[in-house]
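Q: give the three-dimensional model of this entry:
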Amino acid sequence: MGAMDFKKPRLLLLGTALVLSGCSFTSDALWPSLTGDEPEQTAEAPQEAQPQQAQAQPAPGSNQPALGTTNFEPVKVTPGTPTGTFIGEKVGQMRGELQGLQTSIQEHNTGLQGLRVKTVQDSQRYHGTVAAINARLQVGTTPGNPILVQQFTNAQSELENISADIVSMNQLANRVAEDAAMSAYLQESVQAAFGLSGAVDEDHEQLAVLQDEVRGTVVLIERLLKEVTEDVRRQTNYLATERANLNTLLAGVKTGEIYGQSLVNRTIRTEPPLAQSSAPISSRRPLVVIRFDRETVNYQQALYNAVNRVLERRPNAAFDLVAVAPTAGGPAQVALNTGKSRRAAEQVLRNLTEMGLPASRIAMSARTSAQAQANEVHLYLR
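A: From the prediction side, this is the model:
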């Protein structure tokens, strides 16, 4: 993408202030017109476990959610004494199975702590790259600046590294789930051994110790599985948010302007559906009017700001996008203007979706106007 020379646009931003309590309009409180010059988890650990705190955490100021902090280290299994009975042999066998299970937990714990450190490091690199891009956009730059394009490519790669970390964490959760099933089976086996005949008192004493250690291990595995699963869930949501933000950042790199977070992040809250406006579009006041009276109109920043302000107050807001053509001239000229205004509205729609506003929130239509002096695109709050 090469640098482009943008002429000053003529973009008129009209909007009514939103009343939060009723989400209605006031007729005398308009937004100022723009010319385009400003473009832990708290469950108790089993007594046998000694949880420690992991050190790797997201850097302050990043959007990455905190990872779990527990260091899952099982205590060694108590050694037993052979009794020479069949039950004694079973106790020794189950003790060996418990030791194998705890070895597996230690391996999972080592893998988890390493993944947490790697995830934080990858996130720090990603946010560092994004911050560098935004800093350049903040002071102003050329549309499609090749330096920013390369940095954006790096940010994409770094975000995919975080995605790979989440895949690895999910695979770890699956292995821990297998151990959870094994620990449940071992717990049942120990309980059943108490009902077998041919045991001496020492067998039951060792069974009681083993039973306590198996129970502690079961609790430890459950905590490990829960914490890993929560890590995967939070990081997956974070990844989806950042992918949307990257799409908006790309739109900013293309235009050389800074937008901010994706508009999709303003629309994910669950709220009651909005009632459809009964007033016709012609009687409503537009939020934004974009006049295409010259070849290049740089309206994207003002458009983003207007929609972002609405979504801060009404996250589920929907919009009407209207292509307006002037009626001056003969039928042929009106038809020509109508086609141009429609294409302009389609471009505005693409810009809004690039900024993260779901296309399902935007309804498009077209009309002519005797008051319009040039092709226009109007955006209304529905």
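Q: against residue 114, how distant is residue 177?
A: 19 Å (CB to CB, to the nearest Å). In this view, the C-beta of every residue, glycine as well, is placed from N, C-alpha and C.
Q: please, which helix or strand holds the residue most central in space within the chain?
A: For the chain, residue 241 is the residue whose C-alpha lies nearest the centre (CA atoms, centre = their mean; 2.4 Å). In the assignment (DSSP states H and E), residue 241 maps to helix 201-255.
Q: quick one: distance of that helix to the chain centre.
A: Offset of helix 201-255 from its chain centre (CA atoms, centre = their mean, to the nearest Å): 18 Å.
Q: with stretch 124-143 instead?
A: On CA atoms, centre = their mean, the centre of stretch 124-143 falls 20 Å from the chain's centre.
Q: the bottom helix or strand of this protein by mean pLDDT?
A: strand 24-30 (a mean of 30; mean pLDDT, DSSP states H and E).
Q: the residue nearest to residue 90 when sequence neighbours are not counted: neighbouring residues, count only.
A: With sequence-adjacent residues excluded and distances taken as CB to CB, 6 or more residues apart in numbering, residue 90 is closest to residue 193, at 5.6 Å. For residue 193, the neighbour count with other CB atoms under 10 Å is 19.
Q: check what pLDDT residue 193 gets.
A: We note a pLDDT of 92 for residue 193 in this prediction.
Q: give the contact list for it.
A: By CB atoms under 8 Å, 6 or more residues apart in numbering, the residues touching residue 193 are 87, 90, 91, 94, 207.
Q: before we move on, what about residue 166?
A: With contacts defined as CB under 8 Å, 6+ apart, the neighbours of residue 166 are 119, 232, 235, 236, 239.
Q: hmm, the second one is touching residue 173, no?
A: Yes - the criterion here is CB atoms under 8 Å, and residue 232 meets it with residue 173 at 6.0 Å.
Q: sorry, back to before: closest one to residue 330 out of the contacts of residue 166, please.
A: residue 239 (55.2 Å; CB to CB).
Q: so what secondary structure elements neighbour the helix holding residue 241?
A: In this structure, helix 201-255 packs against strand 70-71, helix 86-139, helix 146-193, helix 300-313, helix 331-354, with contacts taken as 3 or more CB pairs under 8 Å, 6 or more residues apart in numbering; DSSP states H and E.
Q: measure how far the fourth one is from the centre of its chain, please.
A: Going back to what we said before, that points to helix 300-313. On the basis of CA atoms, centre = their mean, helix 300-313 sits 20 Å off its chain's mean C-alpha point.
Q: let me see the mean pLDDT of the following helix or strand past it.
A: Going down the chain from helix 300-313, the next helix or strand is strand 319-326, by DSSP H and E. In this model, strand 319-326 carries a mean pLDDT of 92.
Q: list the buried residues of strand 319-326.
A: Neighbour counts over strand 319-326 (16 or more other CB atoms under 10 Å) mark 319, 320, 321, 322, 323, 324, 325, 326 as buried.
Q: filter the contacts of residue 166 to the buried ones?
A: 119, 232, 235, 239.
Q: nearest to residue 140, of these?
A: Nearest member of those to residue 140, counting by CB to CB, is residue 239, at 30.3 Å.
Q: that closest one touches residue 162, doesn't it?
A: Yes - using CB under 8 Å as the test, residue 239 is close enough to residue 162 to be in contact (6.1 Å).
Q: per-residue pLDDT, the residue nearest to the centre of the chain?
A: Residue 241 is given a pLDDT of 86.
Q: any idea how far residue 326 is from it?
A: Per CB to CB, residue 241 is found 42 Å from residue 326.
Q: what about the nearest residue to residue 252 once chain neighbours are set aside, which SS state?
A: The shortest distance from residue 252 to any non-neighbouring residue, by CB to CB, 6+ apart, is to residue 259 (4.8 Å). Put simply, residue 259 is coil when judged by DSSP: H, G, I helix; E, B strand; the rest coil.
Q: how about the helices and strands packed on helix 201-255, which one is nearest residue 366?
A: helix 331-354 (5.6 Å).
Q: cool, thanks, signing off.
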